[in-house]
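K.L.:
how would this look folded up:
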Amino acid sequence: MTMEIRKALWSGRFSKAPDEMMKRFSESISVDWCFYKEDIEGSKAHGKMLQKIGILSMEELEEILGALQEIEQEIESGDFVPNIELEDVHMNIENRLIEKLGDLGAKIHTGRSRNDQVVTDYRLFLKKEITEIMELLKNCMEVFLKRGDGDIDIIIPGFTHLMHAQPISLGHYWMAYFWKFQRDLTRLQSALESVDVSPLGAGALAGSTLPLDREYTRELLGFREVSKNSLDTVSDRDFIMDIQYAMSTLFIHTSGLSEDLIIWNTQEFKFIELPDEFCTGSSMMPNKKNPDALELIRGKTGGVVTGLFNLMMNLKGLPLTYNRDLQEDKKFVLENISTTKRVLEILPLLIEKIEVQEKNIQKHLEKGFLLATDVAEYLVLKGVPFRKTHEIVGSIVQYAEGKDLGFKDLSMEEWKEFSSAFDQDILEILTPEKAVARRQTLGGTGKTQVLKQIEDGWKIIKGA
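P.N.:
Here you go, the predicted structure:
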C-alpha cells in the first residue's frame with residue numbers, strides 16, 4: 001500500500017520543510033513502530049471519550065473506530081508499511097486515518113498531544129511486557145524449587161572468597177537463588193504498579209480547555225489510576241527506570257549464578273555436567289564442550305545494566321517538561337526486555353537438565369577443613385569462649401596441614417593437646433552430613449530448614 005505523504009502535522013508554523021538529513025536523524029519509527037497496537041488502542045479510547053463529551057457524534061465515532069480497526073489489520077497483514085517521512089508511529093497511523101476519513105480523521109487528535117500520547121502507548125506496552133516477564137520468572141523460580149527439593153540431600157562445599165568454607169545442602173544453594181529471584185519478582189511488581197497510570201489528558205504539558213474525561217479513558221484502557229500533575233505526566237520516565245532497575249538486578253543475579261555453574265562445570269571442579277543442548281564446541285579443538293549459554297547470560301548483563309545508566313544520564317538535568325531527549329528512552333529498554341525474556345526462557349530449561357556429579361563433589365568435601373567452625377562451636381558448647389575456640393581450632397588446622405592430615409586422622413591424644421575440653425564425642429560430628437544436619441537455625445542449611453524454605457516458596461508462587 002502506497003501512503004500519501006501529507007505535510008507534517010506540526011508544519012503550520014514553518015516556512016521550510018525539514019532537511020532530509022534532519023528527517024533521518026529525528027525519526028523514531030524504527031524504534032516505536034512496535035507500539036502500533038497500543039497507539040490504536042489509545043486512539044479508540046480517546047475517540048470514545050471525545051464522543052462522550054460531545055466533540056464527536058456517535059456516527060463519527062463509529063467511522064473512526066472502524067477505520068482504526070482496518071488500519072490495525074493493514075499493519076498486521078503487512079499492507080501498511082510505516083514511512084520515515086512521518087517520523088513516528090503516531091503520525092503514521094493518524095496520517096492513514098486522515099487518508100481514509102478526511103477531516104473526520106483529523107478530529108482524533110483533539111485534546112491530545114504526542115507528549116501524552118507516546119507515554120500512554122509506552123505504559124500500555126510495558127504493562128503487557130512486565131506481566132510476561134513476571135510469568136517467565138515465576139516459571140524459572142518453580143524450577144529452582146524443584147531442584148531445591150530434589151537435591152536437598154546432596155552435600156557440597158559452600159564458598160566464601162571462592163575458598164572452601166562450610167558444607168551445605170545443594171538444595172539450600174538452589175533456594176538461595178529462588179529468594180534472589182523472589183526479590184526480583186517483587187521489584188517487577190513494583191515496576192508494574194509504577195507503570196499502571198493513565199497519562200491521557202495531560203496534553204502537551206498543561207492539560208486542556210476542553211472538558212476531557214480522564215477517568216473515562218483510564219477506565220477504558222484499564223489503568224489503575226490517573227496521573228496527578230500534567231507537567232509531571234509528560235516528563236515522567238521513572239516508570240522506565242523502575243523496569244530497567246528490576247531487569248538489571250535480575251541479570252546481576254543470573255550472572256552470578258552463571259559464574260558459579262561455569263566454575264562448577266570446569267575440569268578442576270566437575271561438580272556438575274551441563275546439558276549438551278546448551279553448550280557448544282570448539283571449531284579447532286574437538287575435545288571442548290563450552291558453557292556458551294551461561295557465558296552469554298553473564299555477558300549480556302553488561303548491556304542490560306548499561307541500559308539503566310543510559311536512561312539515568314538521559315534524564316539527568318532535563319528541564320520540565322518534554323524534551324526531544326526523551327525520544328531516546330526506548331531503544332535500550334526494548335532491547336533489554338527482549339533479552340530478559342530470552343534468558344528467562346532458556347535458563348529454567350538448562351537448570352532442570354544439569355547433572356550433579358556426586359563422586360567428584362565428595363573429593364572436595366575432604367579439602368579445606370570444612371568442619372573447622374563445627375569444631376569451634378563444639379568447644380563453645382563445652383564452655384570455651386568463642387574467640388579462644390577460634391584460636392585453638394586455627395592452631396589445629398595449622399598442625400594438621402603441616403602433617404598432611406585431616407580432622408578425622410587426628411588421635412584423641414592429639415585433640416587433647418590443644419584443649420582438654422575435647423572428648424570422644426568430637427569424633428561423632430566430623431562428617432559433612434552431620435554438619436549440615438545440625439544447622440537448624442532459621443534459614444540455615446539443615447534439611448528441615450530447607451524444606452521449610454521450599455514450602456514457603458511454593459506458597460509465594462501459588463499466591464503471586
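K.L.:
How about the contacts made by the residue nearest to residue 350 when sequence neighbours are not counted?
P.N.:
Counting by CB to CB, 6 or more residues apart in numbering, residue 350 lies nearest to residue 278, which is 4.6 Å off, once chain neighbours are set aside. For every residue, glycine as well, the C-beta is placed using N, CA and C. Contacts for residue 278 (CB atoms under 8 Å, 6 or more residues apart in numbering) come out as 291, 292, 293, 294, 346, 349, 350, 353.
K.L.:
what do you get for residue 188?
P.N.:
Contact partners of residue 188, counting by CB under 8 Å, 6+ apart, are 130, 133, 134, 137, 243, 246, 250.
K.L.:
any idea how far the second one lies from residue 190?
P.N.:
If I follow you right, that is residue 133. Applying CB to CB, to the nearest Å, the value for residue 133 to residue 190 is 13 Å.
K.L.:
These two: which has the busier surroundings?
P.N.:
Remark: of residue 133 and residue 190, residue 133 carries more neighbours, 24 against 14, as counted by other CB atoms under 10 Å.
K.L.:
looking at it, the more buried one is touching residue 342, isn't it?
P.N.:
No. Look at residue 133 against residue 342 with CB atoms under 8 Å: they stay out of range, at 11.0 Å.
K.L.:
Number of residues surrounding residue 441?
P.N.:
9.
K.L.:
How about residue 204?
P.N.:
Quick note: residue 204 (other CB under 10 Å) scores 15 neighbours.
K.L.:
Nearest spatial neighbour of it, chain-adjacent residues omitted?
P.N.:
Using CB to CB, 6+ apart and skipping residues adjacent in sequence, the residue nearest residue 204 is residue 113, 3.9 Å away.
K.L.:
next one: phi and psi at the one you found?
P.N.:
Backbone torsions of residue 113, given as degrees, to the nearest 10, read phi -120, psi 160.
K.L.:
wait, doesn't it sit right on residue 203?
P.N.:
Yes. The pair residue 113 and residue 203 passes the contact test of CB under 8 Å, sitting 4.9 Å apart.
K.L.:
circling back: and the residue nearest to residue 204, how far from residue 238?
P.N.:
With CB to CB as the criterion, residue 113 and residue 238 are 20 Å apart.
K.L.:
before we move on, what about residue 54?
P.N.:
From residue 54 to residue 238 the distance is 35 Å (CB to CB).
K.L.:
about what we covered before: now list whatever residues contact both of residue 113 and residue 203.
P.N.:
Joint contacts of residue 113 and residue 203 (CB under 8 Å, 6+ apart) are residue 234.
K.L.:
Looking at those two, which is more packed in?
P.N.:
More neighbours surround residue 203 than the other of residue 113 and residue 203, with 21 against 18 (other CB under 10 Å).
K.L.:
so the more buried one is in which element?
P.N.:
Under DSSP states H and E, no helix or strand contains residue 203.
K.L.:
Measure how buried the nearest residue to residue 206 once chain neighbours are set aside is and give me the count.
P.N.:
Of all residues beyond its chain neighbours, the one nearest residue 206 is residue 230 (5.7 Å), with distances taken as CB to CB, 6+ apart. Residue 230: 21 surrounding residues under other CB under 10 Å.
K.L.:
Report the contact partners of residue 230.
P.N.:
Residue 230 sits next to 201, 202, 203, 205, 206, 207 when contact means CB under 8 Å, 6+ apart.
K.L.:
Strands of the chain, residue ranges please.
P.N.:
Here the chain has its strands, by DSSP state E, at 155-160, 163-169, 197-198, 225-226, 272-273, 355-356.
K.L.:
Comparing those, which stretch has the densest surroundings?
P.N.:
Compared across the strands of the chain, strand 197-198 shows the largest average neighbour count, a mean of 23 (mean count of other CB atoms under 10 Å).
K.L.:
Which helix runs longest in this structure?
P.N.:
In the chain, with assignment by DSSP state H, the single longest helix is helix 114-150.
K.L.:
mind listing what's buried in that one?
P.N.:
Using 16 or more other CB atoms under 10 Å as the test for burial, helix 114-150 gives 114-127, 129-130, 133-134, 136-138, 140-149.
K.L.:
ok so, going back, among the contacts of residue 230, name the buried ones.
P.N.:
Looks like the contacts of residue 230 have 201, 202, 203, 205, 207 buried, using 16+ other CB under 10 Å.
K.L.:
got these as JSON lines, with pLDDT columns?
P.N.:
Output for the buried ones among the contacts of residue 230, formatted as JSON lines (pLDDT from 0 to 100):
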{"residue": "201", "pLDDT": "97"}
{"residue": "202", "pLDDT": "98"}
{"residue": "203", "pLDDT": "97"}
{"residue": "205", "pLDDT": "97"}
{"residue": "207", "pLDDT": "97"}
